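[1] generate coordinates for the sequence data below:
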Amino acid sequence: MKPDGSREKKAIRYSMPVSAIETFVRTRKSLYVEALAANLAHDIKSPLTCIKTFTDFVDRRYDDAVFRRKFKKSVKDAILRINDRVERLMDVARSSKKCRKKTSLNLVIKHSINDLRGYLELNNIYIDLNLAHLKKILLKSPLIKRAIENLIMNAAEAAGEGGTIQVKTRLLADGSQELSVKDNGKGISEKEIQRIFQPFYSGKKNGTGLGLWIVLCALDEHGARIAVKSTAGCGSEFTIRFPPA
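    Here you go, the predicted model:
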């Protein structure tokens with residue numbers, strides 16, 4: 001209780017060490033792939049139906065400017081949805097450690113932010129970037145890039161239009177490298193925070209429940225760990241720790 005009589009907001013913490021991530025991913029990966037295949041079929045069929053419907057009418061209504069605008073937008077959105085699902089499936093398939101190369105974590109972060117810049121600018125979301133001087137480490141860049149993008153997109157959706165996302169890295173005394181992504185959204189409830197890493201679980205209305213699972217798969221490939229800290233009304237912070245190079 002604060003001096004003014006108001007209740008102090010409690011920070012909820014949830015951490016998954018390397019061993020827990022490995023067990024979690026290994027025991028659920030086959031189930032995840034089976035479920036993803038079923039969901040993929042459904043998710044592809046829906047936009048394909050949309051494309052087919054519009055192409056059935058295109059000859060008869062081509063001179064209708066409104067129809068053409070709707071056709072262009074709907075088909076583009078449908079193609080993007082299909083591409084997103086295929087990309088997620090490919091993320092799971094990319095598991096060979098031979099793809100790992102000495103890479104700058106900071107550079108991967110910059111590339112991730114750059115690829116999301118259009119969405120961030122459209123929604124007036126500010127990125128507060130604070131990158132420490134880090135040595136190159138062995139990374140599977142495409143997988144880590146996708147994981148970072150998922151964290152930033154989640155943070156952007158939580159922060160909402162006009163929100164702020166803090167992205168920073170730091171070097172620890174033992175040589176480990178940390179990446180944290182923090183938003184100023186409404187936070188995650190204590191009940192929900194226990195489930196956010198489960199495949200196909202989503203607290204969002206139209207969420208796939210795959211974003212944080214992809215993050216876990218990426219961390220499993222790198223022997224990394226993740227921790228979450230969230231305070232109601234003050235946002236959430238996801239922190240990834242990569243082992244020493």
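
[2] helix/strand/coil for the spatially most distant residue from the centre of the chain?
    Taking Cα atoms, centre = their mean, the residue of the chain most remote from its mean C-alpha position is R60, at 41.3 Å. Of the three states, R60 takes helix according to DSSP: H, G, I helix; E, B strand; the rest coil.

[3] could you do R170 as well?
    When classified by three-state DSSP, R170 comes out as strand.

[4] okay, it and A155: tell me how far apart.
    To A155, R170 is 18 Å away according to Cβ to Cβ, to the nearest Å. For glycine as for every other residue, the C-beta is placed from the backbone atoms N, C-alpha and C.

[5] who has more neighbours, these two?
    A155 (25 against 16; other Cβ atoms under 10 Å).

[6] is the more buried one in a helix, a strand, or coil?
    In terms of secondary structure, A155 is helix; the call rests on three-state DSSP.

[7] picking up where we left off before, quick one, what contacts the residue farthest from the centre of the chain?
    The contact partners of R60, by Cβ atoms under 8 Å, 6 or more residues apart in numbering, come to none.

[8] and it, how far from L48?
    Noted for R60: a distance of 21 Å to L48, by Cβ to Cβ.

[9] same deal with R146?
    Noted for R146: a distance of 24 Å to L48, by Cβ to Cβ.

[10] in terms of neighbours, single out the busier of the two.
    Between R146 and L48, counting by other Cβ under 10 Å, R146 is the more crowded of the two (23 against 14).

[11] by contact count, what packs against the helix or strand harbouring the more buried one?
    Following DSSP states H and E, one finds R146 within helix 141-159. Judged by 3 or more Cβ pairs under 8 Å, 6 or more residues apart in numbering; DSSP states H and E, the packing partners of helix 141-159 are helix 65-93, helix 105-122, strand 164-171, strand 177-183, helix 211-222, strand 235-242.

[12] can I get it in PDB, CA atoms only?
    What follows is helix 141-159 as a C-alpha-only set of coordinates in PDB (Å, rounded to 0.1, in the frame of the first residue of the first chain):
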ATOM      1  CA  SER A 141      19.900 -15.200 -38.400                       C
ATOM      2  CA  PRO A 142      16.600 -15.900 -40.200                       C
ATOM      3  CA  LEU A 143      15.200 -17.700 -37.200                       C
ATOM      4  CA  ILE A 144      16.300 -15.200 -34.700                       C
ATOM      5  CA  LYS A 145      15.200 -12.300 -36.900                       C
ATOM      6  CA  ARG A 146      11.700 -13.900 -37.100                       C
ATOM      7  CA  ALA A 147      11.700 -14.300 -33.300                       C
ATOM      8  CA  ILE A 148      12.600 -10.700 -32.800                       C
ATOM      9  CA  GLU A 149      10.000  -9.500 -35.300                       C
ATOM     10  CA  ASN A 150       7.400 -11.600 -33.400                       C
ATOM     11  CA  LEU A 151       8.300 -10.000 -30.100                       C
ATOM     12  CA  ILE A 152       8.300  -6.500 -31.600                       C
ATOM     13  CA  MET A 153       4.900  -7.100 -33.300                       C
ATOM     14  CA  ASN A 154       3.400  -8.400 -30.100                       C
ATOM     15  CA  ALA A 155       4.800  -5.300 -28.300                       C
ATOM     16  CA  ALA A 156       3.400  -3.000 -31.000                       C
ATOM     17  CA  GLU A 157      -0.100  -4.600 -30.700                       C
ATOM     18  CA  ALA A 158       0.000  -4.300 -26.900                       C
ATOM     19  CA  ALA A 159       1.200  -0.700 -27.000                       C
END
